[in-house]
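Enquirer: Give me the fold of what follows.
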Amino acid sequence: MHRRILSITIPSIVSNITVPLLGLADTAITGHLGSAAYMAAIAIGTSVFSTCYWIFSFLRMATGGLTAQRFGASDWSGARLCLKRAMLVALGVSAGILLLQQPLATFALNLTDASGEVRTLALLYFRILVWGAPASLALFALNGWFIGMQDARSPMWVALTQNVVNVALSAGLVFGAGWRIEGVATGTLVAQWTGCALAATLALRRYRRLRLQADGRRIERVTWRRYFSVGRDIFFRTLCLVSVMFSFTIFGARMGETVLAANAILMQFFLFVSYFMDGFAYAGEALGGRFLGSGERGAFRVLHRALFVWGIAMAGLFTLFFALAGEGAIGMLTNVEAVRQGAVRLLPVAIAVPFVSIATFIYDGLFIGITATREMFLSTAVGTLGYFALTALCADLPLMPPACWLWAAFLLYLALRGSVQACLLPRIVRRKFPEG
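Expert: Modelled structure (predicted):
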């Protein structure tokens, strides 16, 4: 089982790790332009796109879980159909984002209370990068399909190519051509389309081979109704997630540019952990869905235990690294002294994130794989309620600064999600594997 897990996890980690490294590179580039306004604008602009895209993350999750189940059942026609439907939905959603780009930008920026300079820079960033929406959403669908087909190597090569292009072009445009924030946005835009083109090419080759493997048997097909039922649950779950992440940026912005920039740096630490741990979540998604498709309840239980062994080990390593090297890493990301000091003061709270978040990462992967999406939405809703309750009740208490309360609420959100999922899993397994 460990070998199966690592065959999905290692390539996924390689591809996922480039995402926070990309964020670190963008933060470092803007962090050395001499003003916190650039970092604040990147934080706001990134949050706007995260809101737009994460809402439709069911394109990856639903596609991955349903495809993995078709893989386990050897239903190659159904696997091809999963990709076709996901791509159609991705194109429709991206068309809507492009048509509504102006009201989306206005609405998002009005929520932040950002200063005139930060608002202008964030709007410039948005207007350039919004044209990457079709590529980004199509890549969600393609990556989900690759994972469902037990193929983590293709997303790895796509991510590596995409992020090398991004970092090189952004740095060249900013420091070489003097484009500043528009250089960062343009580099990211070109990289998004490069990654999408490569992923589509790799998927098309696999798609054509599946046509030859299809044997015409009528195994259970993934209907539009089922696809949107799963997608609906993930959609509302993602709304909860996005509300937490976007409000985190908004609350930080209301505390001032320095706090917002410091939070942006520490959030890069969390994203680094999350994309790394998502490698194990992807293994849970791919293998969990496969075992459901083939009806292997015992294998699913072994997978559950093995994932937690790996999760605990990785959380320990990250906690140790942040405790020993966190302050030095902050200094590498910015030379603005006020921002650096603010991030260092908040570092002890952020160090707790790896262990607090273990369960929710692993259970998210397992729940997606076996399409227990309603329960996943429930757990996220409970965590979201806890987060907003703590921010509302305790933000003005003198025990800690407001920024520390904000991070404490974020930790509570992660802990509640994992705890609820742990309580629900035994019942889900009995329902999904009735003959195990």
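
Enquirer: what's the helix or strand that contains R431 packed up against?
Expert: Element membership for R431, per DSSP states H and E: helix 402-432. The contact analysis (3 or more Cβ pairs under 8 Å, 6 or more residues apart in numbering; DSSP states H and E) places helix 402-432 against helix 224-254, helix 257-294, helix 297-333, helix 337-351, helix 353-356, helix 358-369, helix 373-394. Backbone N, C-alpha and C define where each C-beta goes, glycine included.

Enquirer: ranking these by mean pLDDT, which is last?
Expert: Lowest mean pLDDT within the helices and strands packed on helix 402-432: helix 337-351, a mean of 75.

Enquirer: so it versus helix 402-432, what angle?
Expert: 30 degrees (axes from the mean of the first three to the mean of the last three Cα atoms, to 10 degrees).

Enquirer: how far does helix 337-351 sit from the chain's center?
Expert: 23 Å (Cα atoms, centre = their mean, to the nearest Å).

Enquirer: what comes into contact with that helix?
Expert: Under the criterion Cβ atoms under 8 Å, 6 or more residues apart in numbering, residues 31, 36, 39, 258-259, 261-263, 265-266, 269-270, 319, 322-323, 326-327, 330-331, 334, 401, 403-404, 407-408, 411 lie in contact with helix 337-351.

Enquirer: one more time with 7 Å
Expert: The contact list for helix 337-351 (Cβ atoms under 7 Å, 6 or more residues apart in numbering) reads 36, 258-259, 261-262, 265-266, 269-270, 319, 322-323, 326-327, 330-331, 334, 403-404, 407-408.

Enquirer: now swap in stretch 367-380 and tell me
Expert: Residues from elsewhere that reach stretch 367-380 (Cβ under 7 Å, 6+ apart): 61, 64-66, 68, 230, 233-234, 236-237, 240-241, 284-289, 292, 364, 417, 420-421, 424, 428, 432.

Enquirer: 6 Å instead?
Expert: 61, 65, 68, 230, 233-234, 236-237, 240, 284-285, 288-289, 292, 417, 420-421, 424, 428, 432 (Cβ atoms under 6 Å, 6 or more residues apart in numbering).

Enquirer: Now render the helices and strands packed on helix 402-432 as CSV, adding mean neighbour count.
Expert: Listed next are the helices and strands packed on helix 402-432 as CSV, based on neighbours: other Cβ atoms under 10 Å:
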stretch, mean neighbour count
helix 224-254, 19
helix 257-294, 25
helix 297-333, 16
helix 337-351, 19
helix 353-356, 21
helix 358-369, 27
helix 373-394, 19
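
Enquirer: so who does the residue lying closest to T384 once chain neighbours are set aside touch?
Expert: The shortest distance from T384 to any non-neighbouring residue, by Cβ to Cβ, 6 or more residues apart in numbering, is to C240 (4.1 Å). C240 sits next to T380, A381, T384 when contact means Cβ under 6 Å, 6+ apart.

Enquirer: give me that answer again for 8 Å
Expert: Residues near C240 by Cβ under 8 Å, 6+ apart: F377, T380, A381, G383, T384.

Enquirer: which parts of the helix holding R431 are buried?
Expert: Using 16 or more other Cβ atoms under 10 Å as the test for burial, helix 402-432 gives 402-421, 424-425, 428-429, 432.

Enquirer: got the angle between it and helix 257-294?
Expert: Going by the same axes, to 10 degrees, helix 402-432 makes 10 degrees with helix 257-294.

Enquirer: For helix 402-432, the averaged confidence score.
Expert: For helix 402-432, the mean per-residue pLDDT is 88.

Enquirer: angle of it against helix 358-369?
Expert: If you take the same axes, to 10 degrees, helix 402-432 sits at 40 degrees to helix 358-369.

Enquirer: just the helices in the stretch 51-200 of the chain please.
Expert: 58-72, 76-99, 101-110, 116-129, 133-148, 153-171, 181-213 (DSSP state H, counting those that start in this stretch).

Enquirer: which ones are touching W224?
Expert: By Cβ under 8 Å, 6+ apart, W224 lies in contact with R85.

Enquirer: Low-confidence stretches in the stretch 1-150 of the chain?
Expert: Filtered on pLDDT under 70, the stretch 1-150 of the chain yields the residue ranges 19-27, 31-36, 111-115.

Enquirer: shouldn't E182 be in contact with A122?
Expert: No: here E182 does not reach A122: they are 11.9 Å apart, not a contact under Cβ atoms under 8 Å.

Enquirer: Between those two, which has more neighbouring residues?
Expert: Neighbour comparison, E182 and A122: the larger count goes to A122, with 26 against 17 (by other Cβ atoms under 10 Å).

Enquirer: if we can go back for a sec, what would the contacts of C240 look like in JSON lines with distance to M314?
Expert: Formatted as JSON lines, the contacts of C240 follow (distance: Cβ to Cβ, whole Å):
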{"residue": "F377", "distance to M314": "26"}
{"residue": "T380", "distance to M314": "22"}
{"residue": "A381", "distance to M314": "27"}
{"residue": "G383", "distance to M314": "21"}
{"residue": "T384", "distance to M314": "25"}
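
Enquirer: from these, which is closest to N110?
Expert: Proximity of the contacts of C240 to N110 (Cβ to Cβ) peaks at T384, which lies at 22.1 Å.

Enquirer: check contacts around that closest one.
Expert: By Cβ under 8 Å, 6+ apart, the contact list for T384 reads C240, L241, S243, V244, Y413.

Enquirer: In contact with the second one, which residues?
Expert: Read it as L241. W54, T380, T384.

Enquirer: make it 10 Å
Expert: With contacts defined as Cβ atoms under 10 Å, 6 or more residues apart in numbering, L241 is in contact with S50, W54, I55, S57, I234, D364, T380, G383, T384, Y413, R417.

Enquirer: returning to that earlier point: looking at the contacts of T384, which two lie furthest apart in space?
Expert: Farthest apart among those by Cβ to Cβ are S243 and Y413. That separation is 10.3 Å.

Enquirer: intersection of neighbour lists for the two?
Expert: Residues touching both S243 and Y413 by Cβ under 10 Å, 6+ apart: T380, T384, Y387, F388.

Enquirer: separation between the first one and I55?
Expert: From T380 over to I55 the distance is 13 Å, taken as Cβ to Cβ, to the nearest Å.

Enquirer: residues shared between the contacts of the two?
Expert: Here T380 and I55 have I234, F236, T238, L239, L241 as joint contacts, going by Cβ under 10 Å, 6+ apart.
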